[in-house]
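# need coordinates for the following:
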Amino acid sequence: MRRFTLVLLLLSWPRFIQGEDLQTNGGTVFTNAVVIRYEAEGIVVRHDGGTNRVAWKQLPAPTRQRFQAEARK
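Down below sits the predicted model:
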């Protein structure tokens, strides 16, 4: 039973580190985006297409507020 649980956890691990789709006000969509750094000007995200810096003003208000709250932690 322990072995089965361990295998199940190892197989599901990639799902836990998977990012979300992030859309900017300009319509750009970053697929599977994960914030890797918070900066004064915005955020740096890693996504399926590489890495990009996104300015705070380019993010929709709810998304910006959520990331700014996380940045303050």
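# worst-scoring helix or strand of this protein, pLDDT-wise?
The helix or strand of the chain with the lowest confidence, counting by mean pLDDT, DSSP states H and E, is helix 2-16 at a mean of 53.
# C-terminal to it, what's the next element?
strand 20-23 (DSSP states H and E).
# show me how far that next one is from its chain's centre.
How far strand 20-23 lies from its chain's middle: 7 Å, per CA atoms, centre = their mean, to the nearest Å.
# pretty sure E70 sits in a helix.
Yes - under DSSP: H, G, I helix; E, B strand; the rest coil, E70 sits within a helix.
# where does I36 fall, secondary structure wise?
Taking DSSP H and E as the criterion, I36 maps to strand 29-38.
# let's see that strand as CSV, backbone CA atoms only.
Extracted in CSV, the C-alpha atoms of strand 29-38 (Å, rounded to 0.1, in the frame of the first residue of the first chain):
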residue,chain,number,x,y,z
VAL,A,29,-1.4,35.0,-23.3
PHE,A,30,1.4,33.3,-21.5
THR,A,31,0.6,29.6,-21.3
ASN,A,32,1.6,27.6,-18.2
ALA,A,33,3.1,30.8,-16.6
VAL,A,34,4.8,30.7,-13.2
VAL,A,35,6.1,33.9,-11.5
ILE,A,36,9.8,33.5,-10.8
ARG,A,37,10.5,37.0,-9.5
TYR,A,38,8.7,40.1,-8.3
